[in-house]
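Asker: no FASTA, just this:
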């Protein structure tokens with residue numbers, strides 16, 4: 001007889017402490033983080049249907065990823081990739097600027113790459129201007145005829 005009474009008493013004590021834990025947890029959890037039902041409904045279920053309500057709260061009502069502490073919020077909230085972020089992509093440490101810092105004039109003059117590219121640009125510009133003049137002259141001749 002004693003072997004049968006102890007497990008039932010131990011099970012009852014465990015369910016009682018689970019019920020107390022869940023009632024306090026529902027009360028101190030932020031109402032914006034409760035899942036599936038409003039916070040008041042969860043409190044009603046946990047208080048008036050102790051065993052089923054407590055288990056349902058732990059499975060379907062607590063915030064996802066909440067810690068074991070009473071009223072535990074999301075664990076590691078800052079590193080959660082699914083949270084909404086108000087920061088832009090360029091604010092993240094992974095973002096690298098695509099613009100290169102400008103070189104000082106003394107450094108630019110000492111490197112042949114920058115002056116060479118400027119000369120290449122100047123030559124292209126002159127070629128484009130010559131081509132544009134030819135096109136304008138060709139258009140001018142067509143309109144005069």
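Answerer: Perfect, I can see it now. None of these values were measured; they are calculated from a predicted model.
Asker: next helix or strand past the helix-or-strand element of the chain with minimal mean pLDDT?
Answerer: In the chain, the helix or strand scored least confidently by mean pLDDT, DSSP states H and E is helix 105-110, which has a mean of 52. Sequence order places helix 112-144 as the next helix or strand after helix 105-110, per DSSP states H and E.
Asker: could you name the helices and strands sitting against that next one?
Answerer: Here helix 112-144 is seen to pack against helix 105-110 when contacts are counted using 3 or more Cβ pairs under 8 Å, 6 or more residues apart in numbering; DSSP states H and E. Quick note: C-beta positions are derived from backbone N, CA and C, even for glycine.
Asker: any idea how far residue 130 is from residue 59?
Answerer: Using Cβ to Cβ, to the nearest Å, residue 59 is found at 78 Å from residue 130.
Asker: state the distance from residue 14 to residue 45.
Answerer: Taking Cβ to Cβ as the criterion, residue 14 is separated from residue 45 by 19 Å.
Asker: so which of the two has more stuff around it?
Answerer: Under the neighbour definition other Cβ atoms under 10 Å, residue 14 and residue 45 were set side by side, and residue 45 has more, 19 against 10.
Asker: does that one really touch residue 53, like I thought?
Answerer: Yes: here residue 45 reaches residue 53: they are 3.8 Å apart, a contact under Cβ atoms under 8 Å.
Asker: can I see the domain layout of this structure?
Answerer: Following the assignment in automatic domain parsing, the chain carries domains at 2-71, 105-144.
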